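A.B. asks: Fold the following and give me the result.
(one chain, ligands or ions: 1)
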Amino acid sequence: MKPRTRIKICGITQPDDAAYAVAAGVDAIGLVFYPKSPRAVSVAQAQAIVSKVPGFVTVTGLFVDASAAYIWQHLEAIPLGLLQFHGNESVHFCEKFKRPYIKAIRVRPGMDIRAAIGQYKTACGILLDSYQPGVPGGTGICFDWQAIPDDLDQPLIIAGGLNPDNVQQAIQSLQPFAVDVSGGVEKSKGVKDHQKILAFVREVASV
Ligand SMILES: O=C(O)c1ccccc1NCC(=O)[C@H](O)[C@H](O)COP(=O)(O)O
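C.D. replies: Have a look, this model is predicted:
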């Protein structure tokens, strides 16, 4: 049986966008807790967003080289189902919170992706995103999909520059466990475009 490709919409900042994404059928939403991001949310904003998300949809908290105290503070205040580490966190650090986590690896030309993933055996997924100097994520740029080895044994989440026009091609070429999108379904930074969310979900479903 060919499994359905899961969908995560990242960088949600508004409760209505979360509600729309859930109604459209996404599997997970992402909340950015990286203060320098234009999509960063406060604890209060995150609580308002989470109130629109029913069970069986995973609320993911995204951190970039945050302190353990900062992450604990968010875990205590917000019911996060999954942690996404988007910086240079070690496996030891990722495991410390005793929560399911995914590790983002930012792909740059010539990089040994297998080696970069190597230590994160306990991650429940590896998110491959584009490397851009000075920008840890949410770049809206695709990386070279050909660089991905085809025998990686952890669930792969493809991110970076996906949108309704290219997501089918990504799925057909890479057969990932999931796709992750932020800028490709926005009308402005942090504000999602509901028609683009719907188009994205439909494109994934029709592969
Ligand atoms: O969205 C941000 O501003 C951000 C900042 C710092 C680290 C990660 C960030 N976003 C991650 C994501 O939204 C996605 O996992 C991924 O990068 C896809 O983004 P996009 O290329 O915009 O679809």
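A.B. asks: A19 sits in which helix or strand?
C.D. replies: For A19, the enclosing helix or strand under DSSP states H and E is helix 15-24.
A.B. asks: Can you pull out the residues in contact with that helix?
C.D. replies: Contacting residues not belonging to helix 15-24 are listed as 9, 12, 29, 48-54, 57, 191-192, 194, 197-198, 201 [Cβ atoms under 8 Å, 6 or more residues apart in numbering]. Any C-beta I mention is one placed from the backbone N, CA and C, and that applies to glycine too.
A.B. asks: are any of the residues you listed buried, and which?
C.D. replies: With neighbours counted using 16 or more other Cβ atoms under 10 Å, the contacts of helix 15-24 contain these buried positions: 9, 12, 29, 49-50, 52-53, 57, 192, 194, 197-198, 201.
A.B. asks: Closest one to V41 out of those residues, please.
C.D. replies: When these are compared for distance to V41 (Cβ to Cβ), I49 wins out at 6.9 Å.
A.B. asks: how far does stretch 79-87 stretch from start to finish?
C.D. replies: With Cα to Cα, to the nearest Å as the measure, the ends of stretch 79-87 fall 22 Å from one another.
A.B. asks: tell me the mean pLDDT for that stretch?
C.D. replies: On average, the pLDDT along stretch 79-87 is 98.
A.B. asks: So which other helices or strands are in contact with the lengthiest helix in the chain?
C.D. replies: Scanning the chain for the helix with the most residues, using DSSP state H, yields helix 194-205. On a contact count with 3 or more Cβ pairs under 8 Å, 6 or more residues apart in numbering; DSSP states H and E, helix 194-205 meets strand 6-9, helix 15-24, helix 167-174.
A.B. asks: what about the first one, near the ligand?
C.D. replies: Right, strand 6-9. No - judged by Cβ under 6 Å from any ligand atom, strand 6-9 stays clear of the ligand, getting no closer than 7.5 Å.
A.B. asks: Would you mark the buried spots in that strand?
C.D. replies: Of the residues in strand 6-9, 6-9 count as buried by neighbour count, 16+ other Cβ under 10 Å.
A.B. asks: how close does the residue nearest to A48 when sequence neighbours are not counted get to L80?
C.D. replies: Here the nearest residue to A48 in space, its sequence neighbours aside, is P15; by Cβ to Cβ, 6 or more residues apart in numbering that works out to 5.0 Å. Computed with Cβ to Cβ, to the nearest Å, the distance linking P15 and L80 is 16 Å.
A.B. asks: Quick check: I197 touching K187?
C.D. replies: No - here I197 lies out of contact with K187, judged by Cβ atoms under 8 Å, at a distance of 10.6 Å.
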